[in-house]
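K.L.:
give the three-dimensional model of this entry:
(chains A and B)
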There are 2 protein chains.
Amino acid sequence: MDNFSPTRNYAQSLDQTDPLGPFRARFSHPQPSLRYMDGNSLGKLPLKTLDVMEKAVRDQWGRELIRGWNQGWWEAPQRIGDKIGQLVGAAPDQVVLCDSTSVNLFKLVNTALLLKPERKKIISDTLNFPSDLYILQGIMHTLQKGHTLQLVSSQDDDLTPDISALIDAIDENTALVTLSHVVFKSGYLYDMAEITRRAHEAGALVLWDLSHSAGVFPVELDACEADLAIGCTYKYLNGGPGAPAFLYINHRLQEQAVSPIWGWAGQDKPFNFDLAYTPAPGIRRFVAGTPHVLSSLAVDSGVDISLEAGMPAIREKSIRMTEYFIRLSDALLTEYQFRVGSPREARLRGGHVSLRHPEGYRINRALIDEMEVIPDFREPDNIRFGFAPLYTSYEEIWETVERLRVVMSEKRYTHYSEAKATVT
Amino acid sequence: MDNFSPTRNYAQSLDQTDPLGPFRARFSHPQPSLRYMDGNSLGKLPLKTLDVMEKAVRDQWGRELIRGWNQGWWEAPQRIGDKIGQLVGAAPDQVVLCDSTSVNLFKLVNTALLLKPERKKIISDTLNFPSDLYILQGIMHTLQKGHTLQLVSSQDDDLTPDISALIDAIDENTALVTLSHVVFKSGYLYDMAEITRRAHEAGALVLWDLSHSAGVFPVELDACEADLAIGCTYKYLNGGPGAPAFLYINHRLQEQAVSPIWGWAGQDKPFNFDLAYTPAPGIRRFVAGTPHVLSSLAVDSGVDISLEAGMPAIREKSIRMTEYFIRLSDALLTEYQFRVGSPREARLRGGHVSLRHPEGYRINRALIDEMEVIPDFREPDNIRFGFAPLYTSYEEIWETVERLRVVMSEKRYTHYSEAKATVT
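P.N.:
Predicted coordinates:
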């Protein structure tokens, strides 16, 4: 990006040489003037998913009825799980698609505590996704009252973790360290290998939430010797609203790992209907109840597209897009008091960038309501811009920053009230 | 059915006067020669669901993207939950659609134990759905080691509960009694009001699994003063394979009820992203993670059809169909050693009927593979025939018994091996 220029022409030249450019046509763009910068919250619809879902409903459910379970439904959690595994650096038989991220986190935190019964502390930090912190709090409050949750504070900027404080907190009483791999507000990317190594040195397990990295960063779970992981599939994996989530358990832990939720889909011989539970071998035992077939099949095509594009190419474009956005912001928005809330160093940054502004909430509303730009807002002052390497174009990014400039120069945000936050 | 006759003509006359007959046209029947007797495992596809799903995928996800959450997705668990509530006798704000039956059972069993901390016993029986027993076993084994599960044996026939033994087992140390409302093998229907009353007399809570009664029997949760309930939506509610399940918590318990899974979708103000969890008021707190939108919306149309038909008419036809099937079996299959495994008294019977036969497994296979009849088989000797009042016709029932008669008279089952059980 040595010849960077804050012009539409330059954006178009980047698009022309973008090796992932052709993948944009795999997705639905029914509102061409919309600049969708929220693929980090809900990814776009792969066109193939339209067909997959119609067939799943009309032909599989409608025609095959109960026979569908013998024709692939039952195996879907593992089949799709293995494909997700390829995207997050996990060899086969370590990932399953099932339940929600929250339910999977609930399972695996309990699994970790059962694996380390003598240790009574869980460590996380204030940058972990609040949903994850709620699950941890619920476990401590209801089922594991002898345990404590130690929440390490972030640095003063509220967007960057305090890694040394985090590592110092891990001690011989620590059962589990659990973190979001990429911070949902700032996009800060943790060093998975290093933190996992330090946790292991202290005898603790590590559980990574990959919701903001799976599909945009080449996660290397096996190579990092990660213990446990969860993640959602509706962000960069384009699996659809509320798509089932995934969970990972490293091979070396699977023999001893016990789920607290003994569902029949994780039973060894579920169709024998025995009265006593015998866990299925391996990762299958962590599938709990009946798989959500329709939502699961919707995940399939999005994952396939990511596999076809390949994580190295996806990461390369992701870095270029976030860097391009930051340079554009520096060039076009200098006079408007924005602060880049994300790391400027690419190796510390995931797939989205936060711009901080005291009027962030209202600016975000103006972008959505008046400018056909969809970022999202996170308290207190973060406007998040997510870039999906498979379908976001550089020209869209240029237009986003240009429209943001218009909102600021014309003060288009001032008539919005500081209303209650909604999803976008 | 005073003029009963085991003829096709008589079946046709029943169809002609069937007030629910017109509802059959609301469902997809792409294989007209198929006699589908497994709607108690997976209900048929409502035609409207095809449209609903196409719109959900193409227009809502594809076009609205993240904005869909502000256009009904977020409220779907409660909106659809309230409609299911109407089918199971629950006033509004007591039912939510979320997660799987197993995960919901896991939540509510823990909720019950938290509500009765001084009591250490859970009571169920050997006729409870094995999946439910697995969840109970998992809870005892991993998280609630101080508790015990007392499993009351069924009567010698293995299909009828021992109600007096069950009631005798409930004592001052019993936190929870949990049962399947309709036995999955025999279709035996428990007296919800009476058992709930007896449990309450002993100070215990009751949790009913409505998977085999919701949508086929007019459950009266509020009138029975039930405490807790769960149920699936893919059987008689026709919600699709692995559709999200529902859970019920009686109003009077909601203030104190605590879920062990503190998901962000049950947080009071989820979009504030506060670090500390504050439960949403009422039933909403039991929605855990992000709702499975696509699978949830598929549930909507099936529930609507049941509401339109009305539970009294559905139950009336259900009784007539099961009675008709039993009379046909008595008339046409006398020489083939079948035993009716379901109660002959209508008030004790749910929506399906079991025929027991030593060769049940192979007979079931022959029906499926050679006769275009789909019942299912449950060990050791039950062939289950499920009748869905919304779309099963009397003529289909007649043809089912007639084809079964052919299988027996021509010994068409003898060349099947006693292979491992599959879903059907």
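K.L.:
packing partners of the longest strand seen in chain A?
P.N.:
Longest strand of chain A, by residue count under DSSP state E: strand A:174-180. Packed against strand A:174-180 by the contact rule (3 or more CB pairs under 8 Å, 6 or more residues apart in numbering or on different chains; DSSP states H and E) you find helix A:101-115, strand A:121-125, helix A:130-142, helix A:192-201, strand A:205-209. Glycine gets a C-beta too; all of them are placed from N, C-alpha and C.
K.L.:
could those be laid out in JSON lines, adding distance to chain B and mean neighbour count?
P.N.:
Conversion of the helices and strands packed on strand A:174-180 to JSON lines gives the following (distance: least, CB to the nearest CB, whole Å; neighbours: other CB atoms under 10 Å in any protein chain shown):
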{"stretch": "helix A:101-115", "distance to chain B": "3", "mean neighbour count": "26"}
{"stretch": "strand A:121-125", "distance to chain B": "10", "mean neighbour count": "23"}
{"stretch": "helix A:130-142", "distance to chain B": "3", "mean neighbour count": "22"}
{"stretch": "helix A:192-201", "distance to chain B": "20", "mean neighbour count": "18"}
{"stretch": "strand A:205-209", "distance to chain B": "12", "mean neighbour count": "27"}
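K.L.:
next, format those as CSV and append mean pLDDT.
P.N.:
Output for these, formatted as CSV (pLDDT from 0 to 100):
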stretch, mean pLDDT
helix A:101-115, 98
strand A:121-125, 98
helix A:130-142, 96
helix A:192-201, 98
strand A:205-209, 98
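K.L.:
take these and write them to CSV, including distance to B:Arg198.
P.N.:
Shown next, in CSV, are the helices and strands packed on strand A:174-180 (distance: least, CB to CB, whole Å):
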stretch, distance to B:Arg198
helix A:101-115, 33
strand A:121-125, 42
helix A:130-142, 28
helix A:192-201, 52
strand A:205-209, 44
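K.L.:
pretty sure A:Leu136 is touching A:Val109, no?
P.N.:
Yes. Counting by CB atoms under 8 Å, A:Val109 is a contact partner of A:Leu136 at 6.5 Å.
K.L.:
touching both of the two, which residues are there?
P.N.:
A:122, A:178 (CB atoms under 8 Å, 6 or more residues apart in numbering or on different chains).
K.L.:
what about the residue minimising distance to the centre of chain A, distance to B:Asp38?
P.N.:
Nearest to the mean C-alpha position of chain A, by CA atoms, centre = their mean, lies A:Ser211 at 1.9 Å. Look at A:Ser211 and B:Asp38: by CB to CB, to the nearest Å, they are 37 Å apart.
K.L.:
same thing with A:Ser131?
P.N.:
Here the criterion is CB to CB. By it, A:Ser131 lies 38 Å from B:Asp38.
K.L.:
pull out the buried positions in the lengthiest helix in chain A.
P.N.:
Ranked by residue count and defined by DSSP state H, the top helix of chain A is helix A:311-332. Neighbour counts using 16 or more other CB atoms under 10 Å in any protein chain shown place A:311, A:313-315, A:317-329, A:332 of helix A:311-332 among the buried residues.
K.L.:
give me the below-cutoff pLDDT ranges for the stretch 151-300 of chain A.
P.N.:
Within the stretch 151-300 of chain A, not a single segment meets pLDDT under 70.
K.L.:
the strands in it, which residues?
P.N.:
Using DSSP state E, counting those that start in this stretch, the strands of the stretch 151-300 of chain A run over residues A:174-180, A:205-209, A:228-231, A:246-249.
K.L.:
closest one to B:Val216 among those strands?
P.N.:
With CB to CB, the closest approach to B:Val216 among the strands of the stretch 151-300 of chain A belongs to strand A:246-249: 34.6 Å.
K.L.:
and the contacts of that closest one?
P.N.:
By CB under 8 Å, 6+ apart, strand A:246-249 touches A:81, A:84-85, A:88, A:90, A:94-98, A:104, A:107-108, A:111, A:214, A:221, A:226-233, A:257, A:283, A:286.
K.L.:
same check on stretch A:14-32?
P.N.:
A:44-48, A:50, A:238, A:305, A:308-309, A:313-314, A:317, A:320, A:324, A:372, A:389-391, A:393-395, B:58, B:62-63.
K.L.:
gap between A:Asp162 and B:Leu97?
P.N.:
41 Å.
K.L.:
looking at the two, which is more packed in?
P.N.:
B:Leu97 (29 against 17; other CB atoms under 10 Å in any protein chain shown).
K.L.:
OK, contacts around A:Pro291?
P.N.:
Counted by CB under 8 Å, 6+ apart, A:Pro291 has contacts A:73-74, A:76-77, A:97-98, A:244, A:265, B:242.
K.L.:
of those, which pair is most distant in space?
P.N.:
A:Trp74 and A:Pro244 (14.4 Å).
K.L.:
now the residue nearest to the centre of chain A: closest residue in space that isn't a chain neighbour?
P.N.:
Nearest residue to A:Ser211, sequence neighbours excluded (CB to CB, 6 or more residues apart in numbering or on different chains): A:Cys232, at 4.4 Å.
K.L.:
what's near enough to touch that neighbour?
P.N.:
So A:Cys232 contacts A:100-101, A:211, A:214, A:239, A:243, A:245-246, B:290 (CB under 8 Å, 6+ apart).
K.L.:
and the buried ones among the contacts of stretch A:14-32, selectable in PyMOL?
P.N.:
Buried residues among the contacts of stretch A:14-32 (16+ other CB under 10 Å), as a PyMOL selection:
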select buried, (chain A and resi 44+45+46+47+50+238+305+309+313+314+317+320+324+372+389+390+391+393+394+395) or (chain B and resi 58+62+63)
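K.L.:
the residue nearest to the centre of chain A reaches A:Leu237, doesn't it?
P.N.:
No. The criterion here is CB under 8 Å, and A:Ser211 misses it with A:Leu237 at 9.8 Å.
K.L.:
what's the end-to-end length of stretch A:32-49?
P.N.:
Using CA to CA, to the nearest Å, one end of stretch A:32-49 lies 19 Å from the other.
K.L.:
run the chain-centre distance for it.
P.N.:
15 Å (CA atoms, centre = their mean, to the nearest Å).
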